[in-house]
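> 3D, please:
(chains A and B)
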Amino acid sequence: MERMALEHVVADDRDAGLFRVHRSVFTDPRILELEQRRVFEQCWIYAGHASEVPRPGDFQSRRVAGRPVILVRGDDGVVRVLLNTCTHRGAEVCRERCGNTKTFQCFYHAWTFDTRGQLVGVPGEDAYSAAFDREERALANPPRVETYRDFVFISFNRAVQPLVDYLAGAREYLDLVCDQSQAGMEIVAGTQEYSMRANWKLLVENSIDGYHARTTHQRYLEFLVETGVDPAIARGRRRGAGKALGNGHAVIDNEPPFGRPIARWTPMFGEARRPEMEAIHRQMVERFGPEWAFRMTQTSRNLLVFPNLIVNDIMAITIRTFFPLAPDYIEINAWTLAPRDESADHRALRLDNFLTFLGPGGFATPDDVEALESCQRGFLNHEVEWSDISRGMKREQPLIDDELQMRAFWRQWHALLAGAPLAEVPVDHAMAVER
Amino acid sequence: MKATEHDVTRAEVEDFLYEEAALLDAWRLKEWLELLTDDATYEIPSTDTPDGDPKTTLFLVADDIVRLRSRVSQLLGKAAWAENPPSRTRRLITNVRIREAEGETLHVTANFVVYRMRMGHTDTYVGRYEHILVRREGALRIWRRRAVLDLEALRPHGKVSIIL
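Residues are numbered from 1 along each chain as shown, chains lettered A, B, ... in the order given. Prediction:
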């Protein structure tokens, strides 16, 4: 493929109503290098959920934005993110996946750090000069760490705007998830750790794509019919909207054909579960009023928090994040989020409903993986230069199966890649100003 | 261990597991279903929670027999795109042990390596089976079928679209 000038890789023709993306952005390693610096090191990146480290000393070690980090609740109760590299020679100070500890000790020379990251032990410290400063050799933190309703984000951009501002219109949709329990939401044990031989941006598009449901996921929709869902509803066109939420965040929002374990009953859940779901719905109405309660319980949402966090509150809630290791390979981690205080039966039903559709063994995600890997193979035909993302571009109110929400992602991505500082991306790029 | 006190031999269990594997490799999934009881379950825990319980832990697969039958008809239909066209698979099953036997119920473990060949890639699933077999009308049947992966993650496999 001819190397395109960066300003031309996204062709956004609002007069004609045409939007195209040059396929080199999915295949060119130079694009990936730029993305590391101008997207992943500029933006807020989801690192984990505070409920994953409930007690002082609890930790989770993982990769975030390609780096080994430790999500840890210090002995002071504060949730921190520590960069998992010894300040002495570089080895990881934590090599367990998760656990509870008082200290992190590097096994190479036994430098020891507490759960706040402070250096508390150096064997043979008398060998160091007076200039040796323990405090300077504390474990490093990402330059910025902020939390929104237990969602912990990090940024390698010291000048990034505050997380709440960055989230823009995505806050409303996170609130629709977080308000589902008075006791708070928690990540459930069990991580779906998988991968895709495809570019990371294909998974962004796919996670908020309402157009592919009736084709790629027809076997899931037929499964719904088997479980008692009205065929006209399962096979019918879904009503709902695609929205741009600012800063590249986007959502599709609709009333779905499937049940939702919070309080949208469906025959598959069985009559026994119905009274509890109706009671939850009534409680939600009392706490929040009918409109917010309806949206929380009866509607579903596929939310993108730019660039690589997906919160899909659909058959259950999945938190999914992913990171590219190559233009054509990503690692994906997915969890489920649930009300802390739900009954054991409700939790079991939620987990069961999750698996009908979601995850690498569900009745949908494997077909998405197949589709995206197939796109990536198709890109080998580099004579075919463009992908089309124009759907619904001239429509007054873009629908759930239009592509406005993807264009919102691409406009932000393009502005950042072209070198615009995050805070200076014009709102017009990020929001739905298409007409 | 009571493994020597019952009347089912390891050879019999091995024959059964080999036959089961051959049916899966041949995509004779309807016949494979007949090896399961009417209340069978099929589970694959997430790779970080191999000892989990699907009522409290997020799994990769936790099918009851109704969903498993649906999975099979989907896999044999045209719209399970992840397996249409179907992968080639080859299962090696070994280290078969009868861990416990009570009457007609056998707790069996075995090691597996399942190769999936698809679209130019060979992906290898490694793990162990933790099955509970029962004898019904003289024949062995699977009541609990659990495939516990030793993989640290489904990488680079991406999915478990075949039956493990």
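> ok, how many other residues are close to residue A:404?
25 (other CB atoms under 10 Å in any protein chain shown). Heads up, the C-betas are built off the backbone N, CA and C, glycines and all.
> Can you tell me how far the closest residue to it other than its chain neighbours is from chain B?
Sequence neighbours aside, residue A:398 is the residue nearest to residue A:404 in space, at 3.8 Å (criterion: CB to CB, 6 or more residues apart in numbering or on different chains). Distance, residue A:398 to chain B, by CB to the nearest CB, to the nearest Å: 26 Å.
> so residue A:398 touches residue A:242, yeah?
Yes - counting by CB atoms under 8 Å, residue A:398 does reach residue A:242; the two are 4.9 Å apart.
> Tell me which of those two has more neighbours.
A side-by-side neighbour count of residue A:398 and residue A:242, using other CB under 10 Å, places residue A:242 first with 30 against 23.
> tell me which element the more buried one falls in.
Of the helices and strands defined by DSSP states H and E, residue A:242 is found in strand A:240-246.
> Output that strand as PDB, restricted to C-alpha atoms.
Below are the C-alpha coordinates for strand A:240-246, written out as PDB (Å, rounded to 0.1, in the frame of the first residue of the first chain):
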ATOM      1  CA  GLY A 240     -32.300   2.800  19.300                       C
ATOM      2  CA  ALA A 241     -29.600   5.400  18.600                       C
ATOM      3  CA  GLY A 242     -25.900   5.700  18.000                       C
ATOM      4  CA  LYS A 243     -24.400   8.700  19.800                       C
ATOM      5  CA  ALA A 244     -21.100  10.600  20.000                       C
ATOM      6  CA  LEU A 245     -20.300  11.600  23.600                       C
ATOM      7  CA  GLY A 246     -17.400  13.900  23.100                       C
END
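> Next up, the contacts around residue B:18.
Contacts here follow CB atoms under 8 Å, 6 or more residues apart in numbering or on different chains; on that basis residue B:18 touches residue B:93.
> quick one: secondary structure of it?
Assigned with DSSP: H, G, I helix; E, B strand; the rest coil, residue B:18 falls in the helix class.
> and stretch A:36-53, how far from the chain's centre?
9 Å (CA atoms, centre = their mean, to the nearest Å).
> So for residue 30, what's the pLDDT?
Since no chain was named, I'll use chain A. The model reports residue A:30 with a pLDDT of 95.
> The intended chain is chain B.
On the pLDDT scale, residue B:30 is placed at 98.
> same check, this time on residue A:234
86.
> what residues does chain B put near chain A?
B:44-49, B:52, B:54-62, B:67, B:70-71, B:74, B:77, B:79-83, B:119, B:121, B:152-161 (CB under 8 Å from any CB of the partner chain).
> how does it look with 7 Å?
For chain B, the residues in contact with chain A (CB under 7 Å from any CB of the partner chain) are B:44, B:46-49, B:52, B:54-62, B:70, B:74, B:77, B:79-82, B:153-156, B:158-161.
> what does the strand holding residue A:242 rub up against?
The set of residues external to strand A:240-246 that reach it, using CB atoms under 7 Å, 6 or more residues apart in numbering or on different chains, is A:168-170, A:210, A:250-255, A:397-400, A:402, A:404-405, A:408, A:427, A:430-432.
> quick one: average pLDDT of that strand?
On average, strand A:240-246 scores 94.
> repeat for stretch A:38-50
Here the average pLDDT along stretch A:38-50 is 97.
> same deal with stretch A:309-320?
97.
> what does stretch A:202-215 give?
Mean predicted lDDT for stretch A:202-215 stands at 95.
> which residues are contacting it?
If you take CB under 7 Å, 6+ apart as the criterion, stretch A:202-215 is touched by A:26, A:196, A:221, A:238, A:240, A:242, A:250-252, A:302, A:304, A:310, A:312, A:320, A:322, A:330, A:368, A:372, A:375-376, A:391, A:400-401, A:403, A:405-406, A:409.
> Next: stretch B:140-159.
Counting by CB under 7 Å, 6+ apart, A:193-197, A:331, A:360, A:365-366, A:369, B:16, B:35-37, B:40-45, B:47, B:50, B:82, B:123, B:125-134, B:160, B:164 sit against stretch B:140-159.
> Please apply the same query to stretch A:223-232.
With CB under 7 Å, 6+ apart as the criterion, stretch A:223-232 contacts A:234, A:257, A:258, A:266, A:267, A:268, A:356, A:363, B:70.
> For the nearest residue to residue A:298 once chain neighbours are set aside, give its distance to residue B:78.
Closest residue in space to residue A:298, ignoring its immediate chain neighbours: residue A:264 at 5.3 Å, by CB to CB, 6+ apart. Distance of residue A:264 to residue B:78, given as CB to CB, to the nearest Å: 30 Å.
> Might you report the residue contacts of residue 81?
You didn't pick a chain, so chain A it is. A:47, A:69, A:71, A:141, A:142, A:145, A:152, A:154.
> actually chain B
Residue B:81 neighbours (CB under 7 Å, 6+ apart): A:216, A:367, A:370, A:371.
> ok, now with 6 Å
Counting by CB atoms under 6 Å, 6 or more residues apart in numbering or on different chains, residue B:81 touches A:367, A:370.
> cool, residue A:33 as well?
With CB under 6 Å, 6+ apart, residue A:33 has no contacts at all.
> host element of it?
helix A:29-35.
> Next: residue B:41.
Using DSSP H and E, residue B:41 falls in strand B:36-45.
> Quick check: next helix or strand after that strand?
strand B:59-64.
> May I see the buried residues of that next one?
Buried residues in strand B:59-64, counting neighbours by 16 or more other CB atoms under 10 Å in any protein chain shown, are found at B:59, B:60, B:61, B:62, B:63.
> In terms of pLDDT, where does the third one sit?
This points to residue B:61. pLDDT, residue B:61: 98.
> residues touching residue A:70, list them.
Per CB under 6 Å, 6+ apart, neighbours of residue A:70: A:59, A:61, A:82, A:84, A:94.
> for chain B, what spans make up the strands?
B:36-45, B:59-64, B:88-102, B:105-118, B:121-136, B:139-149 (DSSP state E).
> oh sorry, the question was meant for the stretch 251-400 of chain A
For the stretch 251-400 of chain A, the strands defined by DSSP state E, counting those that start in this stretch occupy A:300-305, A:309-313, A:317-326, A:329-339, A:386-388.
> what's the distance between the last one and the middle of its chain?
Taking CA atoms, centre = their mean, one finds the center of strand A:386-388 at 24 Å from the center of the full chain.
> What average pLDDT does that strand get?
Averaged across strand A:386-388, the pLDDT comes to 98.
> Against which helices or strands is that strand packed?
Where contact means 3 or more CB pairs under 6 Å, 6 or more residues apart in numbering or on different chains; DSSP states H and E, strand A:386-388 is packed against strand A:18-22.
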